[in-house]
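Asks: any chance you can model this:
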Amino acid sequence: MNWDDALKIYDDIVEACNGFERKGKKMIYTSSNGYMFTLLNKAGEIGIRLPKEEAANFMETFNTGHYYSYGAKMKDYVLVPESLWENTPLMVEYFEQSFAFVNSLPSK
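Replies: So this is what the prediction gives:
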């Protein structure tokens, strides 16, 4: 999938969510409480920040791994397989779970 198609899907997911909006022009992300919680990297991959236990469960359930952006492993982020991108209700659930997680952290 090319980057523009990935951006459209990412934007559609964010638009279906409550309480936040997409930010960035070249580096695409969502943030709240001083923390980024979802990203679309330059390779057109979506990453979601989850609590450690939820991240491990997500990786096992969906047979995926850690998320990398610009060659760096992003702490607490999981790589979202493209096979899930079209499942908007599931993606909204995970994006909103990630939003709740960063809002539970101390403010930056």
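Asks: so in this structure, which strand runs the longest?
Replies: Residue-count comparison of every strand in the chain, with assignments taken from DSSP state E, identifies strand 72-80 as the longest.
Asks: what does it contact?
Replies: Under the contact criterion C-beta atoms under 8 Å, 6 or more residues apart in numbering, strand 72-80 has outside partners 39, 45-52, 55, 58-59, 62, 64-68, 91, 94. No exception for glycine: its C-beta is placed from N, CA and C like everyone else's.
Asks: filter those down to the ones in strands?
Replies: 39, 46-49, 66-68.
Asks: before we move on, back to that, out of the contacts of strand 72-80, which end up buried?
Replies: Among the contacts of strand 72-80, those classed as buried by 16 or more other C-beta atoms under 10 Å are 39, 45-50, 55, 58, 62, 67, 91, 94.
Asks: just put the residues you listed in a markdown table and tack on pLDDT.
Replies: What follows is the buried ones among the contacts of strand 72-80, written out as a markdown table (pLDDT from 0 to 100):
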| residue | pLDDT |
| --- | --- |
| 39 | 96 |
| 45 | 96 |
| 46 | 97 |
| 47 | 98 |
| 48 | 98 |
| 49 | 98 |
| 50 | 97 |
| 55 | 96 |
| 58 | 97 |
| 62 | 98 |
| 67 | 97 |
| 91 | 98 |
| 94 | 97 |
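Asks: looking at these, spot the one nearest residue 23.
Replies: For residue 23, the nearest member of the buried ones among the contacts of strand 72-80 is residue 39. The distance, counting by C-beta to C-beta, is 10.4 Å.
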